[in-house]
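Trainee: dropping the sequence and predicted coords here.
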Amino acid sequence: MTARGARMYVDDLFGALERLDMKHLDDAVELVASRIRNGRSIFIAGNGGGSSVAEHMACDWRAAARHAGHRIGEISSLTENTARITAIANDYCYEAIFEHQLVERCRSGDLLVCLSVSGASENVLRAASSARESGVEVLSLVGRISPLSELSDLAVHLDVHGDYGVTEDLQSLFTHMVARVVRQVSTHRASAEKSLR
């Protein structure tokens with residue numbers, strides 16, 4: 001039973017990988033990498049497991065930028081400051097937790113990365129809408145064509161039929177794709193060995 005469950009999950013993950021639009025994915029990687037190279041700020045928003053992926057992205061992309069010698073703009077997850085999140089949720093509403101932080105910190109030319117399975121979470125949609133109004137480009141990594149897709153300058157549809165586990169796995173893979181391009185290495189192992197010398 002366990003082995004079959006593992007096989008099924010791996011099959012689902014490989015199936016999702018095969019369905020990816022590689023042109024859109026390459027464009028998304030270059031969009032993030034170009035913002036990092038130019039020292040622009042990148043903000044990342046996601047709920048639940050997506051919030052963990054968002055923090056992972058911010059961590060790895062900051063490290064990659066430093067490794068490559070880029071002047072680093074702000075690269076942060078909008079879930080990092082729990083005090084600010086709870087203040088916004090208490091004083092306004094939970095749906096505003098990403099939007100308020102973004103408007104407080106963004107500048108025209110920055111980038112918002114939205115992580116979502118459904119593409120219908122109100123707090124992410126509000127952030128995306130405010131980003132567009134502020135001249136901030138919106139990239140979404142989303143499980144299906146959705147309202148978030150309509151608010152995005154570039155939407156990568158992961159086509160996972162609502163499977164949040166596979167969605168988060170693909171979002172995590174995107175983290176490492178960008179980091180590798182920014183570091184300008186062919187493998188993370190080579191990069192790690194270089195940093196130990």
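Mentor: Yep, it's here. Numbering: from 1, shown residues only.

Trainee: backbone dihedrals for the residue sitting nearest the centre point of the chain, please?
Mentor: By Cα atoms, centre = their mean, the chain has its centre lying nearest to V113, at 4.6 Å. As for V113, its main-chain torsions (degrees, to the nearest 10) stand at phi -110, psi 120.

Trainee: next one: it relative to T86, how far apart?
Mentor: Relative to T86, V113 is positioned 23 Å away (Cβ to Cβ, to the nearest Å). Backbone N, C-alpha and C define where each C-beta goes, glycine included.

Trainee: who are the contact partners of the closest residue to V117 other than its chain neighbours?
Mentor: In space, not counting the residues next to it along the chain, V117 is nearest to G143; the distance is 4.1 Å by Cβ to Cβ, 6 or more residues apart in numbering. With contacts taken as Cβ atoms under 8 Å, 6 or more residues apart in numbering, G143 has the following neighbours: 116-119, 157-164, 167.

Trainee: and E30, by the same measure?
Mentor: If you count contacts by Cβ under 8 Å, 6+ apart, E30 has them with V181.

Trainee: what stretches of the chain score poorly on pLDDT?
Mentor: Along the chain, the model assigns pLDDT under 70 to residues 1-3, 186-197.
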